[in-house]
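Undergrad: Next input, structure requested:
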Amino acid sequence: MFSFTVLPFLAFLLTAHCGAAQQPQACPALPSPLPAPTELPIIEALPDPWTFFNNKSLLSPADWECRKAELKTLVQEYMYGYYPDHSLETVTAVRSEDALSITVAVGERSGTFNATLSMPTNVNASAENPVPVVISAGGVNNTVFLGSGVALATFTVTDVAADSTTPGGPFWDLYSGEDIGVITAWAWGFNRVLDAIIQTVPEFDQSRVGVIGCSRDGKAALAAGIFDERITLTLPMSSGLEGIAPWRFQFQELGENEKITNITGYAPYWTNTNLLKFVNNSHQIPFDAHLNVALVAPRAIIWDEGTVDYWTNPEGEARVTFPASKAVYDWLGASDKIGVAIRNSSHCDIFGYTNIQAFMLEQFFGTPTDRNYSDISPYAPFTSAFPWIDEAPRTSSA
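TA: This is a model prediction of the structure:
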């Protein structure tokens, strides 16, 4: 069994030299305007997390906030579109027993969608005894959550923004004409459900919040975790490309993987228009899935994948994305906050929810588990994808 542990020395980086605090260097500025996609350099391997866009090296984990900020700009510029400014929005939630009505207003425009609350079956949730909640895009195996003391808040992403080239839904009522991908609109939906929970559901613990979705909804769950720091556990299931699967590496010996030419052909509206310009060379994208995952760090994330779900590139998610993103988590001292759950079945199998259950319970309740969620068997790390992995910057005093 292959269990991937990155760089034994990384564990002491944050406490090197008797715990001396490291000072961040000044954040380098991104060029303005940013280069057009065709003007970006070709990067054959996964882009290096330890190097800023201007090729200057990070010096210590203290620099991660600067790197994270520029990466968040890059993923918005070249993939997601720019996430709306939430400070300009007014969210009004109305609760009627287990139903939430969520209205978001921007100036004179407004839009409304709904969510449904489900309480745990094994504990009485109350304001005095609040429980964790997972915001779900669509149905899940309820027993895995409700039977474990975890509440659910469920909404339908297409009630927020149409899965169509023709914009529709409350998100577009507010942001018509903006070059924003529908995945970002759906992520915004997760985040506005959380606003409504904070306003009206004292039975839910605001410090223990997860987001989950499968397939295209899993892509949205990852984006929701990236753009909202209040989310403490991100669970993208069978998400594939534009989710956890890498742009640069496919493994197609047993079945075809989804590629940029496919996804931009049948759902170009899932992202902004800039991503379409990488069709002829995805090696010019200045990030890859491992850096999208790293944008969640040091908050918790786990993803589920099926070994025969070839279209989502399960080998790439396990052999490439996981080791590369775990290197960042290890470097930040958050090794226990990232996991992968591999199963021998296909797309969005209901067993996937059981597959991530122990990790979820460990994050929400501190429940110990014997399962090794760094185990990528039956695969092995594809080390040529991340030649920089042994070059993580030491602290300056190490």
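Undergrad: Which residue ranges of the stretch 251-398 of the chain form helices?
TA: 260-266, 289-294, 314-316, 322-331, 351-365 (DSSP state H, counting those that start in this stretch).
Undergrad: which one of the ones you listed lies closest to Leu34?
TA: With CB to CB as the criterion, Leu34 lies closest to helix 289-294 of these, at 15.9 Å. Where you see a C-beta, it was placed from the backbone N, CA and C, and this is true even at glycine.
Undergrad: Now Lys56. Nearest residue, chain neighbours left out?
TA: Of all residues not flanking Lys56 in the chain, Pro28 sits nearest, at 5.7 Å (CB to CB, 6 or more residues apart in numbering).
Undergrad: buried stuff in stretch 117-137?
TA: 117-120, 125, 130-137 (16 or more other CB atoms under 10 Å).
Undergrad: Could you do stretch 338-358 as well?
TA: 338-343, 345-349, 352-353, 355-358.
Undergrad: Tell me which stretches of the stretch 101-250 of the chain form helices.
TA: Going by DSSP H, counting those that start in this stretch, the stretch 101-250 of the chain shows helices at 142-146, 170-175, 182-200, 216-227.
Undergrad: can you list those in TSV and add mean neighbour count and distance to Thr369?
TA: Shown next, in TSV, are the helices of the stretch 101-250 of the chain (neighbours: other CB atoms under 10 Å; distance: least, CB to CB, whole Å):
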stretch	mean neighbour count	distance to Thr369
helix 142-146	18	14
helix 170-175	21	37
helix 182-200	25	26
helix 216-227	28	21
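Undergrad: Low-confidence stretches in the stretch 1-150 of the chain?
TA: 1-21 (pLDDT under 70).
Undergrad: if we can go back for a sec, okay if I get the helices of the stretch 251-398 of the chain as TSV plus mean pLDDT and distance to Ala99?
TA: Output for the helices of the stretch 251-398 of the chain, formatted as TSV (pLDDT from 0 to 100; distance: least, CB to CB, whole Å):
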stretch	mean pLDDT	distance to Ala99
helix 260-266	94	34
helix 289-294	98	33
helix 314-316	98	37
helix 322-331	98	37
helix 351-365	98	24
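Undergrad: Now distance to Thr166 too, for those, in CSV please.
TA: Output for the helices of the stretch 251-398 of the chain, formatted as CSV (distance: least, CB to CB, whole Å):
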stretch, distance to Thr166
helix 260-266, 15
helix 289-294, 27
helix 314-316, 32
helix 322-331, 35
helix 351-365, 31
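Undergrad: Indicate which one of the ones you listed is closest to Trp172.
TA: Once these are compared by CB to CB, helix 260-266 is nearest, at 20.0 Å.
Undergrad: buried sites along that closest one?
TA: Quick answer for helix 260-266 (16+ other CB under 10 Å): Ile260, Ile263, Thr264.
Undergrad: I figured the first one hits Trp247, correct?
TA: Yes. Assessed by CB atoms under 8 Å, Ile260 is found in contact with Trp247 at 6.4 Å.
Undergrad: Can you work out which residues contact both of those two?
TA: Overlap of the contact sets of Ile260 and Trp247 (by CB atoms under 8 Å, 6 or more residues apart in numbering) consists of Leu241, Phe278, Ser282.
Undergrad: list the contacts for the first one?
TA: Going back to what we said before, that points to Leu241. Contacts of Leu241 (CB under 8 Å, 6+ apart): Trp247, Asn257, Glu258, Lys259, Ile260, Asn262, Ile263, Thr312, Asn313.
Undergrad: which of those lies closest to Lys68?
TA: Trp247 (19.6 Å).
Undergrad: tally of neighbours for Ala334?
TA: 18 (other CB atoms under 10 Å).
Undergrad: Quick check, it in contact with Val296.
TA: No. Using CB under 8 Å, Ala334 is not in contact with Val296, being 10.0 Å away.
Undergrad: For Thr312, which non-adjacent residue is closest in space?
TA: In space, Thr312 is closest to Gly240, 3.4 Å off (CB to CB, 6+ apart).
Undergrad: just Lys68 next, same as before
TA: Among residues not flanking Lys68 along the chain, Leu295 sits closest, at 6.2 Å (CB to CB, 6+ apart).
Undergrad: Name all residues that make contact with the one you found.
TA: Taking CB under 8 Å, 6+ apart, one finds Lys68, Leu71, Lys72, Val75, Ile226 in contact with Leu295.
Undergrad: So which of these wins on neighbours?
TA: Most neighbours among the contacts of Leu295, by other CB under 10 Å: Ile226, with 26 neighbours.
Undergrad: Identify each buried residue in stretch 25-37, please.
TA: Gln25, Leu30, Leu34, Pro37.
Undergrad: actually stretch 296-312, sorry about that
TA: In stretch 296-312, counting by 16+ other CB under 10 Å, buried: 296-307, 309-312.
Undergrad: Quick check: strands, which of those are part of them?
TA: Among the buried residues of stretch 296-312, the members falling in strands (DSSP state E) are Ala300, Ile301, Ile302, Trp303, Asp304, Glu305, Gly306.
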